[in-house]
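S.K.: Build me a structure from this.
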Amino acid sequence: MMKTEAITEQAQRFFNQGYEQLQRGEHKAAIASFSEAIRLCPQVAVGYRYRAYAHSESGNITQAIHDLDQALRLNPEDVDAYFDRAQELFHQRQYEAALVDCNQVLHRDPNRPAVWGLRGRIFAAFGDSLKARADFSRAIELAPHESASYYLWRGESHCECGEPHLALADFSEAIRQAPQLAIAWHSRGLVHHELGRRDEALRDFSEAIRLTPEIAWPYIGRAMVELELGRYTEALADFTEALRLQPKNVSALEYRALCYERLGQRDAALADIQEALRLQPDSARLYNRRAGLHYFRREYHKAIRDHVEALKREPRDAATFNGLAWIWATAPNPLIRNGARAVECATRACELTEFQDAGFLDTLAAAHAETGNFNAAIEWLQKAIELLEKRVASRDAAAPDSDAEMSLREYRQRLQLYERGEPLRVTP
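M.R.: Next up is the predicted model:
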């Protein structure tokens, strides 16, 4: 008896030592101390559970899960061990196993908001936004004043369900409860941007940058808004900073290239797209981006080749068919033009968009004009004009569609061209 008591007392001393080391962040030392406590008292579950914490903090998730398995073998009613293991499994993307552990906890104690929150994240990972939202709502009910993360995650579920205004309310509440939560500012900025509230989006992205200047995504968010506003120099600076922080970010490379293009720096734009394609060689969109740059450099063969590469990757992409048709129908170099192919590709682009895209109808008209079929060219261009006229008429007078109005002027001039029996030639 005395001997057993001495061993237990010694084990408790190692356990206390390990706990203090864990609190100080001395994870390796804590693992050694907990291991000694376990050696002396291998049937005490709490030793395994705390050693699991130390393994987790030191990055050894596999060993952490193994220790939690042992803890639960010794004490199958330990809800804390179930929750801890669920968290580790979640971070390992073992979502089904994590869900089982969350359910074990909620079966024994349904009043744990953190477990509802974790289960909501698991449902979100499964793509079940409705179940995720329900669990986040339950977590908020249980801890209404300490729910910034739950509001954030529920807001993301609202976004997934196409409910931006509900998402906006949740992100705002997350910010009210935790003003230093940069991801909430960033997420709200994305929603403001989606809703067309560019000034609010800029403010939110800027606050996220102030809180976490070492994270790339808020710079990208702000740059996208600046790009839409035509502030190309400011957008270029933000994309450049994002790439300094995350050099392999393909989105930043792609849209910085667009900034360079708008600023007339096409060599720099091409360099960014080349790098983006090196990182993401199966992206049809990037091939089309590069095709556009080649087109404006009047390197038509290269543009055609890139559009064809894009079609290999996305054989039903209407914009790619339209790009090919435009070059074959309107290029000033007769060695490039191919009217029959232009008609074929332009028709396919229109079929894929159910003949409801005015720009594609314009290309189809140009393709028919290249083959000498001016009656068809006039017919298709008139349909394009009708679509644009409806679009302009449907817009509020206070917010005119300047792009549509400019296209209308161009199309009416082209109509006169085709009526004279002349094909369209475009020099980039």
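S.K.: My guess is Ser137 contacts Tyr151. True?
M.R.: No: counting by CB atoms under 8 Å, Tyr151 is not a contact partner of Ser137; they are 9.9 Å apart. C-betas here are computed from N, CA, C, even on glycine.
S.K.: More neighbours: which of these two?
M.R.: Taking neighbours as other CB atoms under 10 Å, Ser137 and Tyr151 compare with Tyr151 leading, 27 against 17.
S.K.: residues contacting the nearest residue in space to Arg85 that is not next to it in sequence?
M.R.: What sits nearest to Arg85 in space, not counting adjacent residues and going by CB to CB, 6 or more residues apart in numbering, is Leu68, at 4.1 Å. Counting by CB atoms under 8 Å, 6 or more residues apart in numbering, Leu68 touches 48-49, 52, 81, 84-85, 88.
S.K.: Nearest to Arg231, out of those residues: which one, please.
M.R.: Ranked by distance to Arg231 (CB to CB), the contacts of Leu68 are led by Glu88 at 44.9 Å.
S.K.: now the host helix or strand of the closest one, how far from the centre of its chain.
M.R.: In the assignment (DSSP states H and E), Glu88 maps to helix 79-91. Distance of helix 79-91 from its chain centroid, counting by CA atoms, centre = their mean, to the nearest Å, is 27 Å.
S.K.: From the contact counts, what lies against the helix or strand following that helix?
M.R.: Using DSSP H and E, the helix or strand that follows helix 79-91 in sequence is helix 95-108. Applying 3 or more CB pairs under 8 Å, 6 or more residues apart in numbering; DSSP states H and E, one finds that helix 95-108 makes contact with helix 79-91, helix 113-126.
S.K.: Break the chain down into its structural domains.
M.R.: Listed domain ranges for the chain are 1-110, 314-428 (source: automatic domain parsing).
S.K.: Just put those in CSV and tack on mean pLDDT and distance to Gly221.
M.R.: Below are the domains of the chain laid out as CSV (pLDDT from 0 to 100; distance: least, CB to CB, whole Å):
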stretch, mean pLDDT, distance to Gly221
domain 1-110, 91, 26
domain 314-428, 94, 24
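S.K.: how about the ones you listed in CSV, adding distance to Leu118?
M.R.: CSV is the format used below for the domains of the chain (distance: least, CB to CB, whole Å):
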stretch, distance to Leu118
domain 1-110, 6
domain 314-428, 37
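S.K.: And those: which comes nearest Leu253?
M.R.: Taking the domains of the chain one by one with CB to CB, domain 314-428 is closest: 19.6 Å.
S.K.: can you put the contacts of Leu68 in a markdown table and add distance to Ala268?
M.R.: Listed next are these as a markdown table, based on distance: CB to CB, whole Å:
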| residue | distance to Ala268 |
| --- | --- |
| Tyr48 | 57 |
| Arg49 | 55 |
| Ala52 | 51 |
| Ala81 | 55 |
| Asp84 | 50 |
| Arg85 | 51 |
| Glu88 | 45 |
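S.K.: From these, keep the buried residues only.
M.R.: Among the contacts of Leu68, those scoring as buried are 48-49, 52, 81, 84-85, 88 (criterion: 16 or more other CB atoms under 10 Å).
S.K.: wait, which of the domains of the chain is closest to His165?
M.R.: domain 314-428 (19.9 Å).
S.K.: distance between the ends of the closest one?
M.R.: Using CA to CA, to the nearest Å, the span of domain 314-428 from its first residue to its last is 26 Å.
S.K.: tell me the contacts of Arg49?
M.R.: Per CB under 8 Å, 6+ apart, neighbours of Arg49: 67-68, 71, 78, 80-81, 84.
S.K.: Would you map the helices across the stretch 151-300 of the chain?
M.R.: Assigned by DSSP state H, counting those that start in this stretch, the helices in the stretch 151-300 of the chain fall at 164-177, 182-194, 198-211, 217-228, 232-245, 250-262, 266-279, 284-296, 300-313.
S.K.: and the contacts of Leu68, which two are the farthest apart?
M.R.: It's Tyr48 and Glu88 that sit farthest apart of the contacts of Leu68, by CB to CB, at 13.1 Å.
S.K.: List of residues touching stretch 341-349?
M.R.: 318-319, 321-322, 324-326, 328-329, 357, 360, 363-364, 366-368, 370-371.
S.K.: neighbours of Asp170, just the number please.
M.R.: 28.
S.K.: Ignore what I typed, I meant Asp101.
M.R.: Counted with other CB under 10 Å, the neighbours of Asp101 add up to 27.
S.K.: Of the contacts of Arg49, which is the nearest to Arg337?
M.R.: Asp84 (68.0 Å).
S.K.: Name the nearest residue to the closest one, sequence neighbours excluded.
M.R.: Using CB to CB, 6+ apart and skipping residues adjacent in sequence, the residue nearest Asp84 is Leu68, 5.7 Å away.
S.K.: Equivalent analysis for Arg289, please.
M.R.: Excluding the flanking residues, the one nearest Arg289 by CB to CB, 6+ apart is Ile273, at 5.3 Å.
S.K.: what about the one you found, distance to Asp306?
M.R.: When distance is defined by CB to CB, to the nearest Å, Ile273 is 10 Å away from Asp306.
S.K.: shared neighbours, those two?
M.R.: Shared contacts of Ile273 and Asp306 (CB under 8 Å, 6+ apart): Arg290.
S.K.: Quick check: the gap between the nearest residue to His91 once chain neighbours are set aside and Ala86.
M.R.: Spatial nearest neighbour of His91, excluding adjacent residues (CB to CB, 6+ apart): Ile61 at 6.7 Å. Relative to Ala86, Ile61 is positioned 13 Å away (CB to CB).
S.K.: Alright, that wraps it up for me.
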